[in-house]
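# pasted the sequence and its predicted model underneath.
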Amino acid sequence: RKECARKLEKKITQGIKSLNMSGATFKINVTLSEQLGPIGRSLVIFQAETNPGEGFYKINDIASGGELSRILLTLRNIITTSDSISIFFFDEIDTGIGGETANLIAKKLKDLSQKSQILAITHLAQIAKVTDKLIYVDKKSYAKDSSLRTISFVSDISDEGRKKVIDQLAGL
């Protein structure tokens with residue numbers, strides 16, 4: 001497990017660096033537990049140093065939503081094989097990102113979609129632009145019997161409406 005962890009942490013570090021986390025390093029800490037558990041005696045902790053010289057900490061303690069999304073996207077790209085059946089759902093993978101980072105994540109999502117089914121919720125034009133199918137969700141609130149209700153409307157975007165929705169996401 002320790003040998004595999006070293007190989008995996010190198011691949012993850014390379015992957016997150018390619019997604020605009022240039023100063024980050026990923027580390028997998030594998031130690032032995034005193035007691036045998038349902039998955040053996042190994043304790044595995046994912047750690048990251050998001051900025052050089054700041055030290056390694058558990059990723060759930062230090063990583064932002066955008067950083068967690070990039071780490072997960074990288075990990076899924078590494079472990080997914082072209083002969084496996086897999087579906088990945090990314091709920092607002094664009095949290096805390098923009099600009100060039102959004103372009104890099106869009107490209108990585110498109111690459112992953114060649115091996116797996118990807119469902120992604122996004123507010124960014126860069127990500128919506130690379131999709132094969134675009135579905136628009138809108139919410140409307142209305143008053144009913146002295147209470148407020150919200151209903152979601154789902155629209156399958158045709159090729160003609162695609163540019164309009166992407167422009168709207170881009171603020172154009």
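Ah, there it is.
# in this structure, which ranges drop under the pLDDT threshold?
81-85 (pLDDT under 70).
# what's the lengthiest strand in it packed up against?
Across the chain, the longest stretch assigned as strand under DSSP state E is strand 25-37. Applying 3 or more CB pairs under 8 Å, 6 or more residues apart in numbering; DSSP states H and E, we find strand 25-37 packed against helix 2-17, strand 40-49. Bear in mind the C-beta positions are built from the backbone N, C-alpha and C, glycine included.
# check which residues of that strand are buried.
Buried positions in strand 25-37, judged by neighbour count with 16 or more other CB atoms under 10 Å: Thr25, Phe26, Lys27, Ile28.
# beta partners for the third one?
This means Lys27. Counting by DSSP bridges, Lys27 is bridged to Gln47.
# these two touch, right, it and Phe56?
Yes. The criterion here is CB atoms under 8 Å, and Lys27 meets it with Phe56 at 5.2 Å.
# which neighbours do those two share?
Gln47, Ala48, Glu49 (CB atoms under 8 Å, 6 or more residues apart in numbering).
# neighbour count and distance to Gly65 added to those residues, as a markdown table?
Formatted as a markdown table, the shared contacts of Lys27 and Phe56 follow (neighbours: other CB atoms under 10 Å; distance: CB to CB, whole Å):
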| residue | neighbour count | distance to Gly65 |
| --- | --- | --- |
| Gln47 | 18 | 18 |
| Ala48 | 26 | 14 |
| Glu49 | 17 | 18 |
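# closest to Thr101 out of these?
Of all those, Ala48 has the smallest distance to Thr101: 16.4 Å, by CB to CB.
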